[in-house]
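J.: no sequence on hand, only this structure:
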């Protein structure tokens, strides 16, 4: 029979693959990375979603009354096949400082050399998984447009939105529980819990309480007043909840450790390799890869959680004030102010729990923090073992949960964005063969996120001082000029 050509992981002889595709390698220092940039072989989506909207209106005297409701249901399914993503740094091939080479640590080492010898700095591996989030949002509103006089019109409305926190159709979600004793570190606080019902689970579908706050109400008020025949002023303010897709964005990447194989690892001291690539990713021995409800399975790596406020939808305040005057020749000139203020934007990396508090420990110095807990260097005092059997650096020992590397809130409502803009517009409707629109906007948008929506944002540089992230937003455009004729 003809020979079958090997492809992907089989073609390179990868050890311990969890998927068929070629692994991804990221080599720091400007070297080209392979594949798409993560562990994915493929990801698909099959949805069965529906939306119902209904609105009514009633004109009676000076009133135009409107009311209605909407319901949105997302039934999504995300089958995913992964394999391995490994990162390589220069530190694994550098020479330590010595009397004969006092600057070796900074002058030697190369990330590509680390790749050539297979000295992996950090890695994550992921087998097949299936996520089936179920998401519901519904709301209703009532509005009245009241023509008080010939010159004055008022608009006022009230809306109420409900967005119960999503669930996974088969309860396949794992969750870091800060108060749960961890058998892998002599009962120290912080272990992985598993949603669902039965032995080894948390016996619940969700650890996030549904937030039916009074703040779910969204009022609106607006007015239009004719000062004189050709001059009108308008103003409006609307307070509303953010869209359902913000809640969905956080939950669509729910953590499923234990239900499906996904593991992370990294160098424990910044120097020694996490593992040798030739030996494959060090999969835990003697445990099932699927439906493994071991609370210690993430020890030595990262884990995630959903916080108690993860169901809180973003709050959006939109404001507007403007004045317009029509000049002869049907030319309208307007001055406008627009503002948009958003708080509680969902971000998948906005609440890291396990960062070292450098405000507290920076004085220890890099030499101390990077040194082994068993051979501490230049520390102001001896840093004790966080638990018996701990091995790692002083920095790791001083983390809030030293048995883990990173702990992220997958749906943290910690992002915010503010926009203020002034606008001058001149426009002419088509007449005598001419129409035009000229506009200039001077604005400023500030945010603590590098991307909006915040689900795709990077984590805070300092979780203990999130206000330091304040900066001009990624989409900030201070000056805009529009010309159309």
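T.: Perfect, thanks for sending it. Remember, predicted model here, so these are calculated numbers, not experimental data.
J.: contacts only, for residue 351.
T.: Contacts for residue 351 were tallied using Cβ atoms under 8 Å, 6 or more residues apart in numbering; they are 307, 408, 409, 412, 414, 463. Every C-beta, even on glycine, is put in place using the N, C-alpha and C of the backbone.
J.: check residue 370 too.
T.: Applying Cβ under 8 Å, 6+ apart, the residues near residue 370 are 269, 270, 393, 394, 395.
J.: list phi and psi for it.
T.: Backbone torsions of residue 370, given as degrees, to the nearest 10, read phi -80, psi -10.
J.: quick one: which of the contacts of residue 370 is most hemmed in?
T.: Highest neighbour count within those: residue 394, with 24 neighbours (other Cβ atoms under 10 Å).
J.: still on that earlier bit, which members of the contacts of residue 370 define the maximum pairwise distance?
T.: The span of the contacts of residue 370, defined through Cβ to Cβ, is set by 270 and 394 at 11.3 Å.
J.: hang on, the earlier thing: closest to residue 94 out of the contacts of residue 370?
T.: For those, the nearest to residue 94 is residue 270 (10.2 Å; Cβ to Cβ).
J.: hey, where'd the helices end up in the stretch 301-450 of the chain?
T.: 358-361, 366-370, 394-397 (DSSP state H, counting those that start in this stretch).
J.: can you redo those helices as JSON lines with distance to residue 445 and mean pLDDT?
T.: Listed next are the helices of the stretch 301-450 of the chain as JSON lines, based on distance: least, Cβ to Cβ, whole Å; pLDDT from 0 to 100:
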{"stretch": "helix 358-361", "distance to residue 445": "29", "mean pLDDT": "90"}
{"stretch": "helix 366-370", "distance to residue 445": "36", "mean pLDDT": "92"}
{"stretch": "helix 394-397", "distance to residue 445": "36", "mean pLDDT": "95"}
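J.: list the contacts for residue 265?
T.: Contacts for residue 265 (Cβ under 8 Å, 6+ apart) come out as 122, 123, 124, 274, 275, 281, 282, 300, 301.
J.: report how many residues lie close to residue 268.
T.: Other residues within reach of residue 268, judged by other Cβ under 10 Å, total 16.
J.: ah, wrong one, I meant residue 26
T.: 21.
J.: what of residue 414?
T.: By the criterion of other Cβ under 10 Å, residue 414 has 23 neighbours.
J.: list the residues that contact it.
T.: By Cβ under 8 Å, 6+ apart, the neighbours of residue 414 are 344, 345, 347, 350, 351, 448, 466.
J.: now restrict the residues you listed to buried residues only.
T.: Listed as buried from the contacts of residue 414 are 344, 345, 347, 350, 351, 448, 466; burial here means 16 or more other Cβ atoms under 10 Å.
J.: so, low pLDDT: which residues of the stretch 351-485 of the chain?
T.: Applying pLDDT under 70 to the stretch 351-485 of the chain picks out residues 451-457.
J.: cool, and the stretch 201-350 of the chain?
T.: 213-214, 243-253, 350.
J.: between the buried ones among the contacts of residue 414, which is nearest residue 430?
T.: The closest of these to residue 430 turns out to be residue 345 (Cβ to Cβ; 41.0 Å).
J.: not counting its neighbours along the chain, what's nearest that closest one?
T.: Closest residue in space to residue 345, ignoring its immediate chain neighbours: residue 415 at 3.1 Å, by Cβ to Cβ, 6 or more residues apart in numbering.
J.: how many residues are close by that neighbour?
T.: When neighbours are defined as other Cβ under 10 Å, residue 415 has 25 of them.
J.: how much space between it and residue 239?
T.: Per Cβ to Cβ, to the nearest Å, residue 415 is found 18 Å from residue 239.
J.: confirm that residue 114 sits in a helix.
T.: Yes - according to DSSP: H, G, I helix; E, B strand; the rest coil, residue 114 belongs to a helix.
J.: mind listing what residue 358 touches?
T.: Residues in contact with residue 358 (Cβ under 8 Å, 6+ apart) are 462, 464.
J.: make it 10 Å
T.: For residue 358, the contacting residues are 364, 369, 395, 461, 462, 464, 465, by Cβ atoms under 10 Å, 6 or more residues apart in numbering.
J.: out of the contacts of residue 414, which comes closest to residue 49?
T.: Of all those, residue 49 sits closest to residue 345, with 23.1 Å by Cβ to Cβ.
J.: quick one: the closest one and residue 416 touch, right?
T.: Yes - with contacts counted by Cβ atoms under 10 Å, residue 345 reaches residue 416, the gap being 6.3 Å.
J.: surely residue 190 touches residue 183?
T.: No - counting by Cβ under 10 Å, residue 190 sits too far from residue 183 to count as a contact (11.5 Å).
J.: between the two, which is the more surrounded one?
T.: Neighbour totals were compared for residue 190 and residue 183, and residue 190 leads with 24 against 13 (other Cβ under 10 Å).
J.: ok, now how distant is the residue lying closest to that one once chain neighbours are set aside from residue 215?
T.: Leaving aside its chain neighbours, residue 190 sits nearest to residue 401 (4.2 Å; criterion: Cβ to Cβ, 6+ apart). Distance, residue 401 to residue 215, using Cβ to Cβ: 32 Å.
J.: higher neighbour count, the two?
T.: Taking other Cβ under 10 Å, residue 401 and residue 215 do not tie; residue 401 has more neighbours (21 against 13).
J.: pull the contacting residues for the more buried one.
T.: Residue 401 touches 176, 178, 182, 185, 188-191, 299, 303, 353-354, 386, 407, counting by Cβ under 10 Å, 6+ apart.
J.: buried only: go through these for me.
T.: 176, 182, 185, 188, 190, 191, 299, 303, 353, 354, 386, 407.
J.: closest one of the residues you listed to residue 149?
T.: For these, the residue nearest residue 149 by Cβ to Cβ is residue 353; the value is 57.8 Å.
J.: now the closest one: how far from residue 167?
T.: Relative to residue 167, and taking Cβ to Cβ, residue 353 is found at 23 Å.
J.: what of residue 471?
T.: Residue 471 sits 36 Å away from residue 167, taking Cβ to Cβ as the criterion.
J.: now swap in residue 209 and tell me
T.: Relative to residue 167, and taking Cβ to Cβ, residue 209 is found at 13 Å.
J.: with residue 186 instead?
T.: For residue 186, the distance to residue 167 (Cβ to Cβ) stands at 34 Å.
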